[in-house]
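# sequence unknown, structure follows:
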């Protein structure tokens, strides 16, 4: 079984419009930070596109 990738899980969550508060990893853990970074990468890209009018 493959280990889950918290960064990829965060990216997927953002694409599925799951809020950042739904981070499933324990706060303060490396996994929590990676999930949040993946979520922000996708969510931030979406916000940038919205502000550009695309």
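Sure thing, it's come through. All values reported here derive from a predicted model rather than from experimental measurement. Numbering: from 1, shown residues only.

# show me the contacts for the closest residue to residue 24 other than its chain neighbours.
Residue nearest to residue 24 in three dimensions, not counting chain neighbours: residue 35, with 7.3 Å by Cβ to Cβ, 6 or more residues apart in numbering. Backbone N, C-alpha and C define where each C-beta goes, glycine included. Going by Cβ atoms under 8 Å, 6 or more residues apart in numbering, residue 35 touches 6, 7, 9, 10, 13, 23, 24, 25.

# out of the residues you listed, who's the most crowded?
residue 10 (29 neighbours; other Cβ atoms under 10 Å).

# which residues sit in contact with that one?
Applying Cβ under 8 Å, 6+ apart, the residues contacting residue 10 are 23, 34, 35, 36, 37, 38, 39, 40, 41, 42.

# scan those and report the most crowded one.
Highest count within those by other Cβ under 10 Å belongs to residue 35, 27 neighbours.

# so that residue, which of the three states?
helix (DSSP: H, G, I helix; E, B strand; the rest coil).

# would you mind measuring from it to residue 15?
13 Å (Cβ to Cβ, to the nearest Å).

# kindly report the same for residue 44.
For residue 44 relative to residue 15 (Cβ to Cβ), the value is 13 Å.

# and residue 5, by the same measure?
From residue 5 over to residue 15 (counting by Cβ to Cβ), the distance is 14 Å.

# and the residue nearest to residue 22 when sequence neighbours are not counted, what element?
Residue nearest to residue 22 in three dimensions, not counting chain neighbours: residue 13, with 6.6 Å by Cβ to Cβ, 6+ apart. Using DSSP states H and E, residue 13 maps to helix 6-15.

# what is the mean pLDDT for that helix?
Mean per-residue pLDDT for helix 6-15: 98.

# what's the answer for stretch 40-54, then?
Averaged over stretch 40-54, pLDDT sits at 72.

# what residues sit buried inside stretch 12-26?
With burial defined by 16 or more other Cβ atoms under 10 Å, the residues of stretch 12-26 counted as buried are 13, 14, 18, 23, 25.

# ok, which pair from the residues you listed is furthest apart?
14 and 25 (14.9 Å; Cβ to Cβ).

# in which helix or strand would I find the residue nearest to the spatial centre of the chain?
The structure's the chain has its C-alpha centroid closest to residue 39; by Cα atoms, centre = their mean the separation is 1.4 Å. Taking DSSP H and E as the criterion, residue 39 maps to helix 30-52.

# since that was my last question, I'll sign off now.
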